[in-house]
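**Student:** sequence below, structure please.
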Amino acid sequence: MKNITPIPHNNQGSIILGITLLLLILAFAVGSFLRLAQSEMQFSHSSLFYNAAFNLAEGGVEKSIHQINSSNGFTGSEWTQINGYWEGVFTNLELPGARSAEIRIRVYGADEEEPVVESQGKVFVTDDRMIIRQIRAHLVPMPIHSQGIVAIDRIRVSGNVSTFDSYRSSQGPYGVSNRGSEITFGSISVERNAVHVGHATIYGYAATGAEAPYFGTHGQVVTYEDPYDHNENRVSTDFVAQFPLVEAPDSSSALTEYPEAEGQGGNRTITIGDASGQTVEHYKVSDFGIGGNISTLKIVGPVILETTEGSNLTGGNQIILEGEHASADVYAHGDLRFAGNSVANESENPANLRFFGIGGESQTIDVGGTAGFYAIVYAPEAQVNLRGNSEAFGSVVAREIEVNGGHFFHWDEDTATLMESDLRVLSSYEELTKRVHRVSF
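**Tutor:** Numbers count the residues shown, from 1 in each chain. Purely as a prediction, here's the structure:
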């Protein structure tokens, strides 16, 4: 039988001491790891709640913008008017991991052009611990973007080859030295066939909300720098924009009759507008008043013109903008048809003649047979047709756009954000981090 030599007592003590030290080291390491993990978890939670408080403050700004743009205004039990500003309080909001959360908002100058919003997000982590972040935001009127020729639902080119490009009216007449490749030809719709380029050449961009545009055999998107190769990088399927409806200005003090026509026979002229440009004349009439023995409506100063019925201008009937201060904002309820050079904007500045279609989805605006149509057409509910071998300068926004028969369209880049709506959007914001700047809610 094999003999086992017993371990000496002094060696046994060393082994036990070593194991004990090892266990102590292991316990210390486990404890340090647990403390580190706890610290990491606390830091993670603090970071989460810190970000959540800022998100709540941002949500307060968004809610304020929604209320300002709402037709109902600041109604509801959460909003109170105090000393010239609106205050909104939203408490007991649920936030995972926290006891609760809240948003407090103050809106100054809600009815003014540039309101200011102060918003606070607060997270109650525990009964005695909270995280607060504050934002001050500045709002401005929403620009009505005029990016070229854009439809809300559908835009389609048919017939002969058409051309679309851009220029800048501030740099003089359109021509070889004043032309660009910046027009947007598109639709914000996500439906198939929302953009039908056909055989058109677009010196700019083709854009849709989702589905790729349709190109015919000769259809292409190019630039003047490279006019022969289709540029797929200028075709996009994520086009997003807002085109709010507009209304005619208050017409309670508008004139309902034109001045007497001047001239002889069938070539008589109605002249409106203050040629000095000092005042804006406002008319609300059934139509442009042209026809019969009156062939010309001459606009020599700034006017607002609201037409309650349709107008069909062909042949020798004509609207003329003449003089340094001539401009017109036309708010049309009925259909409009312009043909045979019936519109002459002598300034050749599209911004001086703006047509707003406010007749709903049944409204149609036709432009055709004209050598130079300088205007902005904004009719987000109407159908706009560009017909015949014609040429237009400016911009078009409509529900549907049909282009037929060798049309040339030149977007004026200077009209990009020329118009403003009654809606408000965020212009800038800052976080109030210094105590001296913070708001006491």
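**Student:** any idea how far residue 278 is from residue 118?
**Tutor:** From residue 118 over to residue 278 the distance is 40 Å, taken as C-beta to C-beta, to the nearest Å. All C-beta spots, glycine's among them, are computed from the backbone N, C-alpha and C.
**Student:** the two: which is more packed in?
**Tutor:** Neighbour totals were compared for residue 118 and residue 278, and residue 118 leads with 23 against 9 (other C-beta atoms under 10 Å).
**Student:** ok, the more buried one touching residue 106?
**Tutor:** Yes. Residue 118 lies in contact with residue 106 (C-beta atoms under 8 Å); the separation is 4.5 Å.
**Student:** shared neighbours of the two, which are they?
**Tutor:** residue 439 (C-beta atoms under 8 Å, 6 or more residues apart in numbering).
**Student:** what strand or helix carries residue 88?
**Tutor:** Under the criterion of DSSP states H and E, residue 88 resides in strand 85-93.
**Student:** which parts of that strand are buried?
**Tutor:** 85, 86, 87, 88, 90, 93 (16 or more other C-beta atoms under 10 Å).
**Student:** do the same with stretch 238-247
**Tutor:** For stretch 238-247, the neighbour count (16+ other C-beta under 10 Å) marks 239, 241, 243, 246 as buried.
**Student:** which of the residues you listed lies closest to residue 392?
**Tutor:** residue 243 (18.9 Å; C-beta to C-beta).
**Student:** ok, and the closest non-adjacent residue to residue 439?
**Tutor:** residue 118 (5.0 Å; C-beta to C-beta, 6 or more residues apart in numbering).
**Student:** secondary structure class for that neighbour?
**Tutor:** strand (DSSP: H, G, I helix; E, B strand; the rest coil).
**Student:** who's it bridged to?
**Tutor:** Under the criterion DSSP bridges, residue 118 forms beta bridges with residue 106, residue 136.
**Student:** how much space separates it from residue 56?
**Tutor:** Residue 118 is 13 Å from residue 56, by C-beta to C-beta.
**Student:** averaged pLDDT, the helix or strand where residue 382 lies. What do you get?
**Tutor:** Residue 382 belongs to strand 373-387 when elements are defined using DSSP H and E. Across strand 373-387, pLDDT averages out at 95.
**Student:** point out the other helices and strands that the helix or strand just after it packs with.
**Tutor:** Downstream of strand 373-387, the next assigned helix or strand under DSSP H and E is strand 391-404. Counting by 3 or more C-beta pairs under 8 Å, 6 or more residues apart in numbering; DSSP states H and E, the packing neighbours recorded for strand 391-404 are strand 148-158, strand 373-387, strand 408-412.
**Student:** all helices of the stretch 51-200 of the chain, in order?
**Tutor:** Assigned by DSSP state H, counting those that start in this stretch, the helices in the stretch 51-200 of the chain number zero.
**Student:** in it, which spans are strands?
**Tutor:** 79-82, 85-93, 100-108, 116-126, 129-144, 148-158, 163-167, 183-187, 195-198 (DSSP state E, counting those that start in this stretch).
**Student:** for the stretch 201-350 of the chain, which segments count as strands?
**Tutor:** 201-207, 214-215, 220-222, 235-236, 268-272, 281-285, 294-299, 302-307, 311-313, 318-321, 327-332, 336-338, 343-345.
**Student:** quick check: neighbours of the last one in the sheet, parallel or antiparallel?
**Tutor:** If I follow you right, that is strand 343-345. strand 318-321 (parallel).
**Student:** let me see the mean pLDDT of the partner strand.
**Tutor:** For strand 318-321, the per-residue pLDDT averages 94.
**Student:** again with stretch 55-73
**Tutor:** So the average pLDDT for stretch 55-73 ends up being 92.
**Student:** run the chain-centre distance for it.
**Tutor:** 17 Å (C-alpha atoms, centre = their mean, to the nearest Å).
**Student:** quick check: buried residues in it?
**Tutor:** 56, 57, 58, 59, 60, 61, 63, 64, 65, 67, 68, 69.
**Student:** alpha carbons of that stretch, in CSV - could you do that?
**Tutor:** The C-alpha coordinates for stretch 55-73 follow below in CSV (Å, rounded to 0.1, in the frame of the first residue of the first chain):
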residue,chain,number,x,y,z
ASN,A,55,-36.9,66.1,-25.7
LEU,A,56,-39.8,67.2,-23.5
ALA,A,57,-38.7,70.9,-23.9
GLU,A,58,-38.5,70.3,-27.7
GLY,A,59,-42.0,68.7,-27.6
GLY,A,60,-43.3,71.9,-25.9
VAL,A,61,-42.0,74.0,-28.8
GLU,A,62,-43.6,71.7,-31.3
LYS,A,63,-46.9,71.8,-29.4
SER,A,64,-46.8,75.6,-29.3
ILE,A,65,-46.2,75.8,-33.1
HIS,A,66,-49.2,73.4,-33.6
GLN,A,67,-51.4,75.6,-31.4
ILE,A,68,-50.3,78.8,-33.2
ASN,A,69,-51.1,77.3,-36.5
SER,A,70,-54.4,75.7,-35.4
SER,A,71,-57.6,77.4,-36.4
ASN,A,72,-58.8,76.8,-32.8
GLY,A,73,-55.9,78.8,-31.3
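**Student:** can you tell me the closest non-neighbouring residue to the most centrally placed residue in the chain?
**Tutor:** Centroid-nearest residue in the chain, with C-alpha atoms, centre = their mean: residue 242, separated by 4.0 Å. Counting by C-beta to C-beta, 6+ apart, residue 242 lies nearest to residue 142, which is 6.9 Å off, once chain neighbours are set aside.
**Student:** now do the contacts for the one you found.
**Tutor:** Taking C-beta under 8 Å, 6+ apart as the criterion, residue 142 is in contact with 242, 244, 420, 421, 423, 424, 425.
**Student:** tell me the most packed of these, by neighbour count.
**Tutor:** residue 424 (21 neighbours).
**Student:** do you know the pLDDT at it?
**Tutor:** Residue 424 carries a pLDDT score of 91 in this model.
**Student:** low-confidence ranges, this protein, go.
**Tutor:** For the chain, applying pLDDT under 70 flags the ranges 1-45, 315.
**Student:** my guess is residue 53 meets residue 123, correct?
**Tutor:** Yes. In this structure, residue 53 is within contact of residue 123 by C-beta under 8 Å, at 4.8 Å.
**Student:** need the residues touching each of the two.
**Tutor:** Contact with both residue 53 and residue 123 is made by residues 101, 131, 132, according to C-beta under 8 Å, 6+ apart.
**Student:** buried subset of those residues?
**Tutor:** Using 16+ other C-beta under 10 Å as the burial test, the shared contacts of residue 53 and residue 123 include 101, 131, 132 as buried.
**Student:** contacting residues for the second one?
**Tutor:** Pointing back at residue 131 there. Counting by C-beta under 8 Å, 6+ apart, residue 131 has contacts 46, 49, 50, 52, 53, 122, 123, 125.
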